[in-house]
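S.K.: Give me a 3D structure for the following:
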Amino acid sequence: MPLLALIAIFIVLPLAELYVIIQVVGQAIGPVWTILLLAADSLLGAARMRSQGRAVWRRFQAAVEEGRMAHREVLDGVLIIFGGAFLITPGFITDVIGLLLLLPPTRAVARRLLVRRAGQRFAMYVTGSGSPGRRRDFDVEGTAYEPEHDPPRLDR
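M.R.: Residues are numbered from 1 along each chain as shown. Presented below is the predicted three-dimensional model:
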């Protein structure tokens, strides 16, 4: 993960959360109501995560029983876990992100963006363009055959 992303996650985001909690919400409704609101949205987020997690688990089981790949359900499960973690974390910015990941329509958008981004990264490394100095453009010809009998063994 790039250094700037880590700085944003561990320094900028907590500072922005403190600013929103103290300056925006705290001054608008007071400190006691702000703390109660943070506690309430954590509890509601945990309940929402549980209900969405159960729904995704049922869809996952149905997919497995039907014999099809459950990649959509797995990604939804991961996004629900992250959404719940964001909602349980104190702060209003993370609550908005968590809520967006727990609502099915916006989770579908996040899933598509995640799949598209992962597909681009995967395609970049498969084609060899991931590292500019190590491009490999060559073909290897070969044949494969099935032997009619086992090869002789050399016993020592």
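
S.K.: Now do the longest helix seen in the chain: distance to the chain's middle.
M.R.: Counting residues, the longest helix found in the chain (DSSP state H) is helix 31-66. In terms of C-alpha atoms, centre = their mean, to the nearest Å, the centre of helix 31-66 is found 16 Å from the chain centre.

S.K.: And it, what's buried?
M.R.: Neighbour-count burial for helix 31-66 flags 34, 37-38, 41-42, 45, 48-49, 52-53, 56, 60, 63 (criterion: 16 or more other C-beta atoms under 10 Å). Where C-beta positions appear, they are placed from N, C-alpha and C, glycine not excepted.

S.K.: packing partners for the lowest-mean-pLDDT helix or strand in the chain?
M.R.: Taking mean pLDDT, DSSP states H and E as the measure, the chain has helix 104-126 as its least confident helix or strand, at a mean of 82. Where contact means 3 or more C-beta pairs under 8 Å, 6 or more residues apart in numbering; DSSP states H and E, helix 104-126 is packed against helix 71-88, helix 92-102.

S.K.: what residue ranges in the chain score low on pLDDT?
M.R.: Filtered on pLDDT under 70, the chain yields the residue ranges 1, 122-140, 155-156.

S.K.: that older thread, how far off helix 104-126 does the longest helix of the chain point, in degrees?
M.R.: For helix 31-66 against helix 104-126, the angle by axes from the mean of the first three to the mean of the last three C-alpha atoms, to 10 degrees is 60 degrees.
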